[in-house]
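Q: Sequence and predicted structure, then a few things I'm wondering about:
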Amino acid sequence: MNRLPVRIARWSARHAGRAIACWFAFVILCLGTGIAVGTHQAASEDFRVGEAGRAEAIAAEGGLERRPTEQILIRSRSGPLDPAAAGVAAQDVSERMRRLPGVDRVAAPLRSRDGTALMVAVVMKGPELDGKKNVVPLLEQTAQVAAAHPGLIVEETGSPAISKGVNDQRGKDLALSERLTLPITLVTLLLVFGSVVMAGVPLLLALSSIAAALGLSMVASHVLPDPGVGTNMILLIGLAVGVDYTLFYLEREREERARAQGRLSSEALVELAAATAGRAIVVSGLAVIVSTASLYLATDVIFSSLATGTILVVAVAVASSLTVLPALLVKIGHRTERRAARAAERRALRGEQPRVSLPWPRRAGRRGHEARAKTGRLSGAVLSPARKRPLLTLSVSVLVMLGLAAPAFGLKLVDPGRDTFSRDIPAMQVYDRLNAAFPELTTQHRVSVRSTPERAGEVREALTELGRRTQNDPLFHKTAEPKILASADGRISVLELAVPFPATSQEGVASLTRLRHEHLPATTGALVGAETAVSGDVARGRDYVDHENGKLPLVLGFLLLTTFLMTLWAFRSVVIALIGVLLNLLSAGAALGALVVTFQGTWAEGLLGFDSLGAIASRVPLFLFVILFGLSMDYQVFVVSRIKEAMDNGMTAREAVLDGISRSAKVVTSAAIVMVTVFGAFVALHLTEMKQMGFCLALAVLLDAVVVRLMVLPSLLLLLGDRAWRPLRRARRRPPAARGAGSPVSAVRPPQNVG
């Protein structure tokens, strides 16, 4: 592990042009291959979990699965609805829709109970999830009908139209987040490096890594289907870690350059950087990959896609930092050296006194290594309490973090379904009006029964009795006639029950509980040899949340174990490994508690632009813990590596802690600013789930970089002293000035005067 980054950097530095060409050829190859093979989208069966998934599998076996359905709502533009005019518009809609190749059937127009609206249901061909890809012709026909009947309001909604609206909105949101993130990231890098060229290098590598990962994810989707969230994760994580890894490497190369004072070649400098920052990047990348892999244990298509996207983009970002980055640094270094040499020649011709300066941006080398090694003013102010009063600083900072984490015990989870989507989507506005006019369409339970063909009559009687029981239950719609469907062979039967409450409401959840635990056992559940299961809008969400809760202990246990083992492997210290796990838990818990306070209530709705769900999206907590544990290893590995290096060079434990954290504070703070910017941009998105993820990750990274790494960690290590490093200190073998066999001694050149 120590030698591999150096060997790669040595080859890249000595063959810079070839390394750069190979990298961009690799990016083009990945992207081109991905475009050529396309993306394999997840199908309905890939999302099935729990009893709801079993019910959908039973229905699909008999050809009775849910089909993509659109509803065309016809209302009066002013005053009461004219039945004759509405009937003509409904006939026009029906005829147009029947002529479309993607339409299976069109139902007869249905009038609302209050007579204010007419609705035409259009059932599309193909599986449920394909509806959003084929809905555009239907929307176009609806728009033409609306134009042909100006006295009426003719509008369309349905799962396909809503899904298309969500995808369109997500695309616009991502474009907005990129417009916000890239300029802020560039400005941050300019402040760090003081050079446009060097600020552009991290962005170039991050964007090229994202492009390569996108292509690879398309190929991977043929093994693990893509539910449509993998691209978001690649963009989110790719920019954050891509810039971070490059930043770590660049900062170390600058430090080595400042220390060398012109005595080492650019090739030697990147090898020195690879021996330290390169190893830290490899360890950090492996930690992110291993921790993210725990998401596969959730056995969920969405989490699997998130894991795949994250693993691919992190692996590519690590590869770019180890391969093409040294080549770019050598090219830039040579160009800067040539300019400096020409400037020195001009001064010599003018008879000016030659001076030694660094072949790098003037601001970087003017103060020398020791000045640049000091932490910045803000970081120094945050670090000062830990240096002077570690016990008090540790106690106060931990109490503050625990106070932030306390609300997490009141966490409520909900599966963010259709009812939670933004009302800025036109189809969602029509959806609300449709439910107001036809409350029996708001929510639906589907009871699926599988038996033998000779028992079809018995099953139908039981389902009829079930329908009668629900008619007398206030949690179900009384006027909606229960609908029984049966397969051609009589083996599969499905009963559709209407519920006039949103799927995420207490009443909607209560209706599912009543159906499963009271009505079914007394009817179809009493049939010996018949398999009964309930699906529908409510069951899908509740079973998904229960599935995630059941997997949570396994995923978190694996996450904690792998984080501990990775840190132990990297630093050979049980104490350091335990500290890493505990500090990651502290950061994640504090961010989760702040998330609960902000999003489960309503006080921040106007501030952050969301409608509270009264709960947290069910995927957010698990995603937060896994991703944050991986990303926190960036800072953990980088900071502790600097401390370890200082101790290897002969410093005491106290001196090494202060020196290592001081030297790493600036780059850690800069990296945190980039990550907070990337994640924080997602708070501006419309989807509440994405807002919650962005808010939680941004806050967690901020707390981890400032409170944990500059206050809690140094205080704890200062108090522990040598006890935290005993295994590490026993492993020290060489004197401070010694270099390993792989050090670039041959690249050392004598001092020379450069301008």
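A: Received, thanks.

Q: Tell me where the stretch 151-300 of the chain has strands.
A: 152-158 (DSSP state E, counting those that start in this stretch).

Q: Ok, the chain next?
A: Using DSSP state E, the strands found in the chain span residues 69-76, 103-106, 110-111, 117-124, 152-158, 413-414, 443-450, 483-486, 492-499, 531-536, 616-617.

Q: The third one pairs with which strands, and in what direction?
A: Think strand 110-111. Strand 110-111 has its sheet partners listed here by DSSP bridges as strand 117-124 (antiparallel).

Q: what's the answer for the last one, then?
A: The strands that strand 616-617 pairs with in its sheet are strand 413-414 (parallel) (by DSSP bridges).

Q: just so I know, which of the strands of the chain lies nearest residue 516?
A: Closest approach to residue 516 among the strands of the chain is made by strand 531-536 (5.7 Å; CB to CB). For the C-beta atoms, the positions are set from N, CA and C on the backbone; glycine is no exception.

Q: Can you flag the weakest of the strands of the chain by average pLDDT?
A: Within the strands of the chain, confidence is poorest for strand 413-414, with a mean of 87 (mean pLDDT).

Q: List the contacts of that strand.
A: Counting by CB atoms under 8 Å, 6 or more residues apart in numbering, strand 413-414 makes contact with 420, 504, 541, 545, 548-549, 613-618, 621, all of which sit outside it.

Q: if you set the cut-off to 10 Å instead, what comes out?
A: Applying CB atoms under 10 Å, 6 or more residues apart in numbering, the contact partners of strand 413-414 are 420, 503-504, 509, 541-542, 544-546, 548-549, 600, 613-622.

Q: The residues you listed, buried ones only, as a ChimeraX selection?
A: The buried residues among the contacts of strand 413-414 can be selected in ChimeraX (16 or more other CB atoms under 10 Å) with this line:
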select :420,503,504,509,541,542,544,545,546,548,600,613,615,616,617,618,619,620,621,622
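
Q: Of the contacts of strand 413-414, which belong to helices?
A: Secondary structure assignment (DSSP state H) places 509, 541, 542, 544, 545, 546, 548, 549, 619, 620, 621, 622 from the contacts of strand 413-414 within helices.

Q: residues contacting residue 491?
A: So, once contact is read as CB under 10 Å, 6+ apart, residue 491 ends up touching 58, 61, 62, 449, 450, 451, 452, 453, 454, 455, 456, 459.

Q: An error on my part: the question was meant for residue 708.
A: Taking CB under 10 Å, 6+ apart, we find residue 708 in contact with 397-398, 401, 582-584, 586-587, 590, 632, 635-636, 639, 700, 714, 716.

Q: Of those residues, just the buried ones, PyMOL syntax please.
A: Selection of buried members from the contacts of residue 708 for PyMOL, criterion 16+ other CB under 10 Å:
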select buried, resi 397+398+401+582+583+584+586+587+590+632+635+636+639+700+714+716
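
Q: Out of the contacts of residue 708, flag the one nearest to residue 566.
A: Within these, the smallest distance to residue 566 is 9.6 Å, found for residue 636 (CB to CB).

Q: I'd assumed residue 570 was in contact with that closest one.
A: Yes - contact status for residue 636 versus residue 570: in contact at 8.9 Å, counting by CB atoms under 10 Å.

Q: which residues do those two both contact?
A: Common neighbours of residue 636 and residue 570 (criterion: CB under 10 Å, 6+ apart): 280, 283, 284, 287, 576, 580.

Q: Buried ones among these?
A: With burial judged by 16+ other CB under 10 Å, the buried subset of these is 280, 283, 284, 287, 576, 580.

Q: TSV please, covering those residues and showing distance to residue 648.
A: Putting these into TSV (distance: CB to CB, whole Å) gives the following:
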residue	distance to residue 648
280	14
283	16
284	19
287	21
576	14
580	19
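
Q: Return the member of these nearest to residue 434.
A: Nearest to residue 434 among those is residue 287, at 48.9 Å by CB to CB.

Q: which ones are touching the residue positioned nearest the centre of the chain?
A: Residue closest to the average C-alpha location in the chain (CA atoms, centre = their mean): residue 233, at 4.2 Å. With contacts defined as CB under 10 Å, 6+ apart, residue 233 is in contact with 213, 217, 292, 305-313, 623, 627, 693.

Q: Among the residues you listed, which ones are in helices?
A: Counted as lying in helices by DSSP H, out of the contacts of residue 233, are 213, 217, 292, 305-313, 623, 627, 693.

Q: Show me what counts as buried in stretch 482-495.
A: Using 16+ other CB under 10 Å as the test for burial, stretch 482-495 gives 482, 484, 485, 486, 487, 490, 491, 492, 493, 494, 495.

Q: Check these and tell me the two furthest apart.
A: Taking CB to CB, the two most distant members of the buried residues of stretch 482-495 are 482 and 491; they sit 20.3 Å apart.

Q: How many neighbouring residues does the residue lying closest to residue 50 once chain neighbours are set aside have?
A: The spatially closest residue to residue 50, leaving aside those adjacent along the chain, is residue 543, at 3.2 Å (CB to CB, 6 or more residues apart in numbering). Residue 543 has 23 neighbours, counted by other CB atoms under 10 Å.

Q: For residue 713, give me its contacts.
A: Residue 713 is in contact with 386, 394, 397, 579-580, 583, 635-636, 639-640, 643, 657, 661, 704, 707, counting by CB under 10 Å, 6+ apart.

Q: Looking at it now. What's its pLDDT?
A: On the pLDDT scale, residue 713 is placed at 93.
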